[in-house]
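Sequence plus the predicted model coming up.
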Amino acid sequence: YAQLLHRCLKEAPDHTLSLKEVYEWVLQHSQKARNKDRGWQNSVRHNLSMNAAFQKVPGVKKGSLWRL
C-alpha cells in the first residue's frame, strides 16, 4: 500500500489529500479495494500513520489531510 499511497499523493494538487479523497483514489486504482471487505481502509490508515514519507497536516479540525 505504501507505493500506491505515494503515487496517490504525488498525483494530487500540492501533494495533499483528505483521507476520504485518498480512499476514493485507492478505490479507483486498486483491485484490492474493490472487494466488500473494508480491511483495505485500515491498511491505508496504518500506512499513512506509520510511514515517515507521509505527513498528517496539523491544525485540521474535521477529518484529516495527508501529504508527501
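Nice, thanks for sending it over. Numbering: from 1, shown residues only.

So what's the gap between stretch 27-35 and the chain middle?
13 Å (Cα atoms, centre = their mean, to the nearest Å).

how about that stretch as PDB, C-alpha atoms only?
Taking C-alpha atoms only, stretch 27-35 is exported to PDB below (Å, rounded to 0.1, in the frame of the first residue of the first chain):
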ATOM      1  CA  LEU A  27     -10.900   2.500  -4.900                       C
ATOM      2  CA  GLN A  28     -10.300   3.700  -8.500                       C
ATOM      3  CA  HIS A  29      -6.800   2.500  -8.800                       C
ATOM      4  CA  SER A  30      -6.500  -0.800  -6.800                       C
ATOM      5  CA  GLN A  31      -8.200  -4.100  -7.200                       C
ATOM      6  CA  LYS A  32      -7.500  -4.800  -3.500                       C
ATOM      7  CA  ALA A  33     -10.000  -2.100  -2.500                       C
ATOM      8  CA  ARG A  34     -12.800  -3.300  -4.700                       C
ATOM      9  CA  ASN A  35     -13.900  -6.200  -2.500                       C
END
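
mind listing what's buried in it?
Going by neighbour count (16 or more other Cβ atoms under 10 Å), the buried part of stretch 27-35 is Ala33. For glycine as for every other residue, the C-beta is placed from the backbone atoms N, C-alpha and C.

any idea of the mean pLDDT in it?
Mean pLDDT, computed over stretch 27-35, is 83.

separation between the residue lying closest to Leu65 once chain neighbours are set aside and Glu11?
Spatial nearest neighbour of Leu65, chain neighbours left out: Val57 (3.8 Å); criterion: Cβ to Cβ, 6 or more residues apart in numbering. Going from Val57 to Glu11 by Cβ to Cβ, to the nearest Å gives 17 Å.
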